[in-house]
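Asker: based on what follows, work out the 3D shape:
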Amino acid sequence: MYRANILCCAGTGCTANRSQELYEQFNEALKKYDLDAEVKVIKTGCFGLCQKGPIVAVYPDKIFYAGIKPEDAERIVAEHLYKGRPVTELQLSEEDLATNETVYDIDKIKFYEKQRRIVLRNCGKINPEDIQEYIALGGYEALGKALTQMTPQEVIDVVKASGLRGRGGAGFPTGKKWQFEADQPGDEKYVICNADEGDPGAFMDRSVLEGDPHSVLEGMAIMAYAVGAHLGYIYIRAEYPIAVARLNIAIDQARELGLLGKDIFGSGFDFDIEIRLGAGAFVCGEETALIASIEGKRGMPYPKPPFPAVAGVWGKPTSINNVETLANIAQIIDKGAEWYASMGTEGSKDTKVFALGGKIKNTGLVEVPMGTTLREIIYEIGGGCPNNKAFKAAQTGGPSGGCIPSVHIDTPIDYESLQRIGSMMGSGGLIVMDEDTCMVDIAKFYMEFICEESCGKCSPCRIGTHRLLQMLDDITTGKATLEELDKIEELAAHMKVSCLCALGQTASNPVTSTLRYFREEYVEHIVNKRCAAKKCKELLHYQIDPDKCKGCTLCSRNCPVGAISGTVKEPHHIDIDTCIKCGLCKQNCKFDAVYME
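Answerer: Reported below is the predicted structural model:
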């Protein structure tokens, strides 16, 4: 029995920031102070507050340390755990605490105050590589209840009544999807966990698998029982090595305890899980392309119907849910449909996990009740934009989503509200942009990504995405006319109805949403050949302020094309026709005389 536990974040973000070294240093320090029999260091999952990582929490004291380096470990052990004096300067600042709080308790931190951690309930609290810790918090009780006290149809009815909708993007009712498969004849059926998280800036599913893999395994087993499947696949991209390793450990542990395999809980129900690694193709997040990849084929979508619930993997009925959806299942079975449906909005129940990134002070993983406004997420949880910059827009739904402008900052985050303003929930990426962002450049960024990820099977996507990118490129380089804007809207409308899968059908969303809300920026790029945000290089010109220039000649001596003229101790001049916009003049100027316009 240990008197204290040191929970050390071992998610991907903190691991990349030397948390493994931190873990080792803690163990060495505990041995040095002869505390290794009293205090235990535990690797855990993501705490969510990634901006402050690496993160360490000491229990039962509930002391939260942030931004810890390996060299800080011995000091924390010596002062806090040996002498009983928490190291206050390594804790969060007062501005990170909830109003009127003076205790550095993890439950009193402003970042968590508006959150409700349902899916993330165990992340940062348990060792994800120890099944006993998951069981100690009620793990696998829901599976036991489903297998021994409920019929498969009763399980489906509870999920239907809960109002759970798929968290992978489309928001299709989960219970309804399960019912489709359950109603299909035959004994050979499958279930799939879609962990192919491909949106730029998204890391929700990865963090759940790294911090609480058993919640997903339990959800898959319950789903399999409900639909009549006996084998499940977890399709996860190979770029998630920590998540893959922990899934393998979790599956082995569950098999050892009889929670996967034959005759689970003595119920006569058999179920096992296999992992399939994806090669990182964004299109494989689409369910039919994912199925093709599992079968060893090239990951390309096929027309529907038939839907996977009728003819999925190996041509057999298959249900596919993403990580976050499955992580909700055990709690719904354990606590009931009414409990789950009591949270959120009328059409969007419970909570949603978001990967909060971009121009925001507190980047990280957040989980909020459906209906929470964008303002609350950005300012009360995220802390607003750095350097007091004004919020300009937020991109939800990744490459398939759209930009939400500041005028809609009080929009509730739920499926219907986002659709009404031209965006979508998506899997949960939430990228914040401030006043210095060029919206045309943002649209171009996402279109470059889509062009790279299009499988090329259908010509509306294969050709349409490249044509959209070409037109955006013309706009950002000063070659376009206003007619391009009409062509963009016309092409986007055709793609929405003619592309084979959702990747192509939604590919134009970042373009059309920015054009809808920030049309003046497109016009300024085209008519005035100017990018106010100074992001579009071809529209920028380097100039020298004659009042600041001292004639030191550093700029002219470093110019690779001889575009700068002037004599010693006299103001210099840049020939914009010769300038290649490399920026060396600005980098070398000691007097801040070079500027862009």
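
Asker: which phi and psi does residue 63 have?
Answerer: phi -90, psi 130 (degrees, to the nearest 10).

Asker: which one is it nearest to, not counting chain neighbours?
Answerer: Nearest residue to residue 63, sequence neighbours excluded (C-beta to C-beta, 6 or more residues apart in numbering): residue 86, at 5.1 Å. C-beta: built from backbone N, CA, C; applies to glycine.

Asker: how about that neighbour, what does it touch?
Answerer: 58, 61, 63, 79-80, 104 (C-beta atoms under 8 Å, 6 or more residues apart in numbering).

Asker: now swap in residue 343 and tell me
Answerer: 116, 118, 349-351, 369-370.

Asker: equivalent analysis for residue 224, please.
Answerer: For residue 224, the contacting residues are 191, 230-232, 271, by C-beta under 8 Å, 6+ apart.

Asker: returning to what we had before: roughly how far does the residue nearest to residue 63 sit from residue 43?
Answerer: To residue 43, residue 86 is 22 Å away according to C-beta to C-beta, to the nearest Å.

Asker: now residue 323
Answerer: Here the criterion is C-beta to C-beta. By it, residue 323 lies 20 Å from residue 43.

Asker: please name the nearest non-neighbouring residue to residue 25.
Answerer: residue 73 (3.7 Å).

Asker: same deal with residue 541?
Answerer: residue 576 (4.8 Å).

Asker: shouldn't the one you found be in contact with residue 540?
Answerer: No - the criterion here is C-beta atoms under 8 Å, and residue 576 misses it with residue 540 at 9.8 Å.

Asker: so for the two, which sits in the more crowded spot?
Answerer: residue 540 (17 against 12; other C-beta atoms under 10 Å).

Asker: is it correct that the more buried one is in contact with residue 529?
Answerer: No - at 10.0 Å, residue 540 does not count as touching residue 529 under the criterion of C-beta under 8 Å.

Asker: flag the shaky bits of the chain, pLDDT-wise.
Answerer: Across the chain, residues meeting the criterion (pLDDT under 70) sit at 94-95, 97-107.

Asker: point to the residue nearest the middle of it.
Answerer: Among the residues of the chain, residue 202 comes closest to the average C-alpha position under C-alpha atoms, centre = their mean, at 2.1 Å.

Asker: what sits against the residue nearest to that residue when sequence neighbours are not counted?
Answerer: Spatial nearest neighbour of residue 202, excluding adjacent residues (C-beta to C-beta, 6+ apart): residue 429 at 3.9 Å. Residues in contact with residue 429 (C-beta under 8 Å, 6+ apart) are 199-202, 204, 354-355, 357, 395-398, 401.

Asker: can you do 7 Å?
Answerer: Taking C-beta atoms under 7 Å, 6 or more residues apart in numbering, we find residue 429 in contact with 199, 201-202, 355, 398.

Asker: now swap in residue 202 and tell me
Answerer: Residue 202 touches 355, 398, 427-429, counting by C-beta under 7 Å, 6+ apart.

Asker: which two of the residues you listed have the greatest separation?
Answerer: Across the contacts of residue 202, no pair lies farther apart than 355 and 398, at 9.7 Å, counting by C-beta to C-beta.

Asker: neighbour count winner among these two?
Answerer: Per other C-beta under 10 Å, whichever of residue 355 and residue 398 has more neighbours is residue 398, with 29 against 24.

Asker: circling back: tell me the secondary structure at the residue nearest to the centre of the chain.
Answerer: Secondary structure for residue 202, judged by DSSP: H, G, I helix; E, B strand; the rest coil, is coil.

Asker: residues near the nearest residue to residue 165 once chain neighbours are set aside, how many?
Answerer: Leaving aside its sequence neighbours, residue 165 sits nearest to residue 171 (C-beta to C-beta, 6+ apart; 4.4 Å). Look at residue 171: counted by other C-beta under 10 Å, it has 19 neighbours.

Asker: how about the strands in the stretch 101-250 of the chain?
Answerer: In the stretch 101-250 of the chain, the segments counted as strands under DSSP state E, counting those that start in this stretch are 190-195, 231-237.

Asker: partners of the first one in the sheet?
Answerer: Each strand that pairs with strand 190-195, with its direction, by DSSP bridges: strand 231-237 (parallel), strand 318-322 (parallel).

Asker: would you tell me which one of the ones you listed is buried the most?
Answerer: With neighbours taken as mean count of other C-beta atoms under 10 Å, those reach their highest mean count in strand 318-322, at a mean of 26.

Asker: could you check how far it is from the centre of its chain?
Answerer: 19 Å (C-alpha atoms, centre = their mean, to the nearest Å).

Asker: quick check: next helix or strand after it?
Answerer: helix 323-335 (DSSP states H and E).

Asker: what residues does that following helix touch?
Answerer: Helix 323-335 has contacts (C-beta under 7 Å, 6+ apart) with 118-119, 138, 141-143, 145-146, 155, 158-159, 162, 164, 166-168, 174, 193, 195, 204-205, 208-209, 212, 215-216, 218-220, 222-223, 340, 350, 353.

Asker: list the buried ones in it?
Answerer: Buried residues in helix 323-335, counted by 16 or more other C-beta atoms under 10 Å: 323-334.

Asker: one more: stretch 465-474?
Answerer: Going by 16+ other C-beta under 10 Å, stretch 465-474 has these buried residues: 465, 468-469, 471-473.

Asker: in JSON lines: those, plus secondary structure and distance to residue 562.
Answerer: Below are the buried residues of stretch 465-474 laid out as JSON lines (DSSP: H, G, I helix; E, B strand; the rest coil; distance: C-beta to C-beta, whole Å):
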{"residue": "465", "secondary structure": "helix", "distance to residue 562": "40"}
{"residue": "468", "secondary structure": "helix", "distance to residue 562": "38"}
{"residue": "469", "secondary structure": "helix", "distance to residue 562": "34"}
{"residue": "471", "secondary structure": "helix", "distance to residue 562": "35"}
{"residue": "472", "secondary structure": "helix", "distance to residue 562": "33"}
{"residue": "473", "secondary structure": "helix", "distance to residue 562": "29"}
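
Asker: give me the buried entries from the contacts of residue 86.
Answerer: Buried members of those, counted by 16+ other C-beta under 10 Å: 58, 61, 63, 80, 104.
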